[in-house]
Structure formats: C-alpha cells, structure tokens
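J.: Could you work out the structure for the sequence below:
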Amino acid sequence: MHELSIAQSIMTTVFQEMKRRNITCVKSIGVKIGTLSGVMPEALQFSYEAITRDTPLSDTALIIEHVPLLAECNLCGKQFKVENIAFFCPACHSVDVTLLQGEELDITYLEIEDADLNDR
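T.: Have a look, this model is predicted:
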C-alpha cells in the first residue's frame, strides 16, 4: 500500500512548511489526485488519518480533489475528457493525442489559522 508512504510524505512536507513559515495550526490540506496517478483516494485518506493521530495534524482535514483525464488531439486540436481510458479523439477518432492532465499528485494548499497570519 504505497498510499501510506504518500501520506507520510504529505505529513513531512506540511511539517517542513509549518516550520519554515512559523505556522502553528493547519486546518486543512488540499491534495490533487489524477486518475492515472495510481493513488486510491480512500486508502490515502485512511493512511493520513492513521499516521497523523497524536500529532499536531490530528485535527487537520485532508481535502482530496479528483483530477480527471484530459487530453488534446494532435490532429484536430480538440480537447476532451478521456472516458473509460479510451485514448482517442471523439471528434476525428485519431489516437494521436497528448495527455494534458490526470497524472497529478500534488499538495495544492494549506489552510491555516488566522492567528498565524497575524503573527507575521
């Protein structure tokens, strides 16, 4: 279950950012997970909750945003959502496409307490 190591990396990254910016309390962490990232959102959520228990992040919500597959046809230029992992253009049926999104695994934001903003 590689979601456990991903959750550990998220926690480590957030702790580093908290230290760097002198943040005392994080309310939520935004994460984008693409369809092709290979990450199971439910397993990541479970892993995150398990490893943050009894840490300063125990009450921090992990907000997961699903990023669908989006591609562009290199022949006709149409952008389209890839459905059922069918990588062909719905307009001209070309299979010469470029993936634009769907492989993401990114921390997108940290929501912090207002008190941390006032301390700067």
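
J.: List the contacts of the residue of the chain positioned farthest from its centre.
T.: Among residues of the chain, the one most distant from the C-alpha centroid is C92; the distance is 31.9 Å, by Cα atoms, centre = their mean. C92 makes contact with C73, L75, C76, K78, according to Cβ atoms under 8 Å, 6 or more residues apart in numbering. Where you see a C-beta, it was placed from the backbone N, CA and C, and this is true even at glycine.

J.: What of L99?
T.: By Cβ under 8 Å, 6+ apart, the contact list for L99 reads L36, L69, L70, A71, V82, F87.

J.: can we see that at 10 Å?
T.: Counting by Cβ atoms under 10 Å, 6 or more residues apart in numbering, L99 touches G34, L36, L69, L70, A71, E72, V82, F87.

J.: how about a markdown table for those, with neighbour count added?
T.: A markdown table is the format used below for the contacts of L99 (neighbours: other Cβ atoms under 10 Å):
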| residue | neighbour count |
| --- | --- |
| G34 | 20 |
| L36 | 16 |
| L69 | 20 |
| L70 | 16 |
| A71 | 19 |
| E72 | 15 |
| V82 | 20 |
| F87 | 13 |
